[in-house]
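[1] sequence and computational prediction follow.
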Amino acid sequence: MQYNEFTRRLHHCHIDEDTKFLLAYLYESNMEHSRQLDICANLLSMLVKTVGEFTVLHETTQEKVKSLLRQDAEVHSVRNDPEDGR
C-alpha cells in the first residue's frame, strides 16, 4: 500500500488527529527503513559476488604460478658485444 492510500484510509478512521499523525509517521518511517534494508541487501549481495570472483581469480593465479614453477627453464649466459655499446 502506498503512503497516499494509507493516509486516505487513515483519514476515514474515527481516531484523534495526534494518533493519525503518529500512525502516518510510523508508516513513513517503516517504508524508509524497508527501502534502506533493500539497498543494504543489494550491496551485500554485490560484495559476496565480488569476493567470489576474487577467490576464483586468486585460485586461477595460484594454478598458473604452480605450473610455471613446475617447468624447467634453461638460462644461458651471453657475452656482451663490445660494439653493441653496452
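    Sure, I can see it. Numbering: from 1, shown residues only.
[2] how close does residue 13 sit to residue 2?
    17 Å (Cβ to Cβ, to the nearest Å). Yep, even glycine has a C-beta here, placed from its N, CA and C like the rest.
[3] which strands or helices does the helix or strand containing residue 55 pack on?
    Following DSSP states H and E, one finds residue 55 within helix 17-70. Contacts defined by 3 or more Cβ pairs under 8 Å, 6 or more residues apart in numbering; DSSP states H and E place helix 17-70 against helix 3-11.
[4] tell me the mean pLDDT for the helix it packs on?
    Per-residue pLDDT over helix 3-11 has a mean of 85.
[5] what lies in contact with it?
    By Cβ atoms under 8 Å, 6 or more residues apart in numbering, the list of residues contacting helix 3-11 from outside reads 20, 23-24, 27-28, 31.
[6] so can I have a markdown table of those showing pLDDT?
    Below are the contacts of helix 3-11 laid out as a markdown table (pLDDT from 0 to 100):
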| residue | pLDDT |
| --- | --- |
| 20 | 90 |
| 23 | 91 |
| 24 | 91 |
| 27 | 92 |
| 28 | 93 |
| 31 | 94 |
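[7] brilliant, that's me finished.
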